[in-house]
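1. Sequence and predicted structure below; questions after.
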Amino acid sequence: MTENECWRKKFRPDIPSPARIYDYLLGGKDNYPADRAAAAEIALALPHIRVACEWNRAFLGRAVRYLAARGVRQFIDIGTGLPTVGNVHEIAQAAAPGAHVVYVDNDPVVLTHGRDLLHGVVGTAILEHDLRHPEAILADPELRALIDVGEPVAVLLAAVLHFIPDEDDLAGIIATLLEPFPSGSYLVVSHMTADAKPEVRTAAQVYDQTTTPIYPRRRDQIQRLAKGLELVAPGVVWLPEWRPDPGTSPPPNPADAYLYALVARKS
């Protein structure tokens with residue numbers, strides 16, 4: 001089977017894709033009627049979901065800038081989603097010229113658009129892998145060409161871990177990803193929860209009809225994902241509460257984010 005035939009077999013515009021739903025909620029154009037219909041159902045349960053998606057992107061940008069300011073020059077963004085405004089390599093390389101960024105995803109549309117975006121961009125790559133197989137990610141020769149295991153790295157898992165069921169051992173996946181890297185490496189996570197908004201459970205049922213179900217988790221479960229790492233203040237908080245930009249006003253209802261955020265450091 002050729003690469004093009006493999007792509008066509010994986011590509012199912014008739015089945016909603018979380019990456020394309022997210023793209024639509026962010027105002028993107030790389031989505032299909034099935035994705036838009038699913039997004040409309042989600043928005044009925046979670047009326048602030050579009051703002052929450054924007055807050056998630058903003059948190060990721062703040063985290064990347066925070067880490068670049070602390071000397072991190074290597075970023076592995078897993079479950080990257082479709083390209084949008086403020087992609088990780090753009091933020092990282094603006095804050096730290098020469099930074100290397102490796103994107104990882106297994107959605108065929110994400111990979112196609114990502115390869116087009118990154119064509120000719122020095123210090124970047126996008127790789128096809130599944131987060132549930134971290135050893136394969138780390139062993140990829142393209143990643144090894146850009147990422148030095150002797151230097152600190154930031155592993156970015158923004159709005160992706162809630163697509164992994166408990167039986168796949170999230171903590172073990174994270175530990176494997178960080179194991180070869182030295183002290184001063186970081187983990188960045190945002191994760192959906194129903195702690196403040198039970199309607200998140202209703203929205204999660206919509207994802208049962210997509211390519212990938214979703215598994216909201218409690219704050220204590222999310223914090224345990226960073227076990228053995230040092231949480232960066234302010235700890236596990238709602239997306240807009242994580243180190244907001246100076247001069248910005250906090251939103252009146254930060255729990256409308258529907259996702260917690262955390263950054264943790266390997267000692």
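-> On my side now, so go ahead.
2. which residues touch residue 16?
-> For residue 16, the set of contacting residues under the criterion of C-beta atoms under 8 Å, 6 or more residues apart in numbering consists of 34, 35, 37, 38, 206, 209, 210, 211. Every C-beta, even on glycine, is put in place using the N, C-alpha and C of the backbone.
3. Just say helix, strand or coil for it.
-> For residue 16, the reduced secondary structure class is coil; criterion used: DSSP: H, G, I helix; E, B strand; the rest coil.
4. go on, residue 64?
-> Secondary structure of residue 64, per three-state DSSP, is helix.
5. where do the helices sit along the stretch 51-200 of the chain?
-> In chain order, the stretch 51-200 of the chain shows helices spanning 88-95, 108-118, 134-139, 141-146, 170-178, 199-207, with DSSP state H, counting those that start in this stretch as the criterion.
6. Show me what the fourth one is packed up against.
-> When you say that, I think you mean helix 141-146. Packing partners of helix 141-146 (3 or more C-beta pairs under 8 Å, 6 or more residues apart in numbering; DSSP states H and E): strand 100-105, strand 124-128.
7. Quickly compare these and say which is most buried.
-> Most buried of the helices and strands packed on helix 141-146 by mean neighbour count (mean count of other C-beta atoms under 10 Å) is strand 100-105; its value is a mean of 26.
8. Okay, now the unreliable bits of the stretch 151-267 of the chain?
-> Applying pLDDT under 70 to the stretch 151-267 of the chain flags no residue at all.
9. Tell me the buried residues in stretch 168-184?
-> 170, 173, 174, 175, 177, 178, 181, 184 (16 or more other C-beta atoms under 10 Å).
10. Only C-alpha atoms, please: export that stretch in CSV.
-> In CSV, the C-alpha atoms belonging to stretch 168-184 read as follows (Å, rounded to 0.1, in the frame of the first residue of the first chain):
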residue,chain,number,x,y,z
ASP,A,168,-2.7,3.1,29.0
ASP,A,169,-0.8,4.4,32.0
LEU,A,170,-0.5,8.2,31.5
ALA,A,171,2.0,8.6,34.3
GLY,A,172,4.2,5.9,32.8
ILE,A,173,4.0,7.6,29.3
ILE,A,174,5.1,10.9,30.9
ALA,A,175,7.9,9.2,32.8
THR,A,176,9.2,7.5,29.7
LEU,A,177,9.1,10.7,27.7
LEU,A,178,11.2,12.6,30.3
GLU,A,179,13.5,9.7,31.4
PRO,A,180,16.4,10.3,29.0
PHE,A,181,16.5,14.1,29.6
PRO,A,182,18.5,15.8,32.3
SER,A,183,17.4,18.0,35.3
GLY,A,184,15.9,21.3,34.1
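11. Hmm, residue 152 is touching residue 184, no?
-> Yes: counting by C-beta atoms under 8 Å, a contact exists between residue 152 and residue 184, whose distance comes to 3.9 Å.
12. on that earlier part again, tabulate the helices of the stretch 51-200 of the chain (a markdown table), appending distance to residue 13.
-> As requested, the helices of the stretch 51-200 of the chain are arranged in a markdown table below (distance: least, C-beta to C-beta, whole Å):
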| stretch | distance to residue 13 |
| --- | --- |
| helix 88-95 | 26 |
| helix 108-118 | 9 |
| helix 134-139 | 27 |
| helix 141-146 | 28 |
| helix 170-178 | 29 |
| helix 199-207 | 17 |
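13. deepest of those helices, which one?
-> The highest average neighbour count among the helices of the stretch 51-200 of the chain, using mean count of other C-beta under 10 Å, belongs to helix 88-95 at a mean of 21.
14. contacting residues for the spatially most central residue of the chain?
-> The structure's the chain has its C-alpha centroid closest to residue 158; by C-alpha atoms, centre = their mean the separation is 2.5 Å. Neighbouring residues of residue 158 by C-beta under 8 Å, 6+ apart: 56, 59, 60, 77, 79, 188, 189, 190.
15. Pick out the most distant pair among those residues.
-> Farthest pair in the contacts of residue 158 (C-beta to C-beta) is 59 and 79. Separation: 14.6 Å.
16. Neighbour count for the two, which is higher?
-> residue 59 (27 against 23; other C-beta atoms under 10 Å).
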